[in-house]
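Undergrad: predicted structure and sequence below. I'll ask about it afterward.
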Amino acid sequence: MTAVTLVIDMQVDFFAHKRLAQRRASLVSHTNALVRATRGAGAAIVWIKQEFSPDLSDATLEVRKRKIAVVIAGTPGASILPELDMRITDHVIVKKRYSAFFGTNLDDLLGRLGCTQIIVAGINTHACVRTTVIDAYQRDYDVILARDCIESHDKEHDETTWRYMDGKLGRGMSNAQIYDLLQASTI
């Protein structure tokens, strides 16, 4: 198995939501631990970020209609959280929609990396994580859902989405379980 770790939308603007702000320190700590472990085992790290132009011409329909100025390219709010262990050797994919696959070169990058297994972390469970996981499943990637590193601003949707994804589209695993998997296999 050749694994790649995807970290989805861990951006400053998204942590303005109260529930995510309250979980920020824990989520960052768990995500950094996961990134260090998977990087140490030889997995590539891909940071996925959503960005829109200042005029919102490339934004989703809802964002355009409601004129929501969020994750605007070049602003501090579009930045990956500064406390995350992002390295210059990591990959970055910029997306315009929920799925990290839609309209990006992610699938090509994963092919070049020889990826067969994706470890998914990030936010929001019910939106960008879910659609990325569905698209990975549709492409026959073995998906591991990093339970300690996935969260949503909406608790109810988070719980519903976990029930839908876990065991169907991927396997929910704690960081400890992922570490055990990494030690038992060669990435």
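TA: Yep, that arrived. This is a predicted model, so every value here is computed, not measured.

Undergrad: determine the longest strand present in this structure.
TA: Scanning the chain for the strand with the most residues, using DSSP state E, yields strand 142-151.

Undergrad: now do the helix or strand just after it: everything it contacts.
TA: Per DSSP states H and E, the first helix or strand lying C-terminal to strand 142-151 is helix 155-165. Residues outside helix 155-165 that contact it (C-beta atoms under 8 Å, 6 or more residues apart in numbering) are Arg19, Asn124, Thr125, His126, Val129, Arg130, Val133, Leu145, Glu151, Ser152, Gly172. Quick note: C-beta positions are derived from backbone N, CA and C, even for glycine.

Undergrad: without its sequence neighbours, what residue ends up closest to the second one?
TA: If I follow you right, that is Asn124. Nearest residue to Asn124 in three dimensions, chain neighbours excluded: Ser152, at 4.3 Å (C-beta to C-beta, 6 or more residues apart in numbering).

Undergrad: likewise for Asp166?
TA: Nearest to Asp166 is Gly172, by C-beta to C-beta, 6+ apart, at 4.0 Å.

Undergrad: who are the packing partners of the one helix or strand that neighbour maps to?
TA: Assigned by DSSP H and E, Gly172 belongs to strand 171-173. Applying 3 or more C-beta pairs under 8 Å, 6 or more residues apart in numbering; DSSP states H and E, one finds that strand 171-173 contacts strand 142-151.
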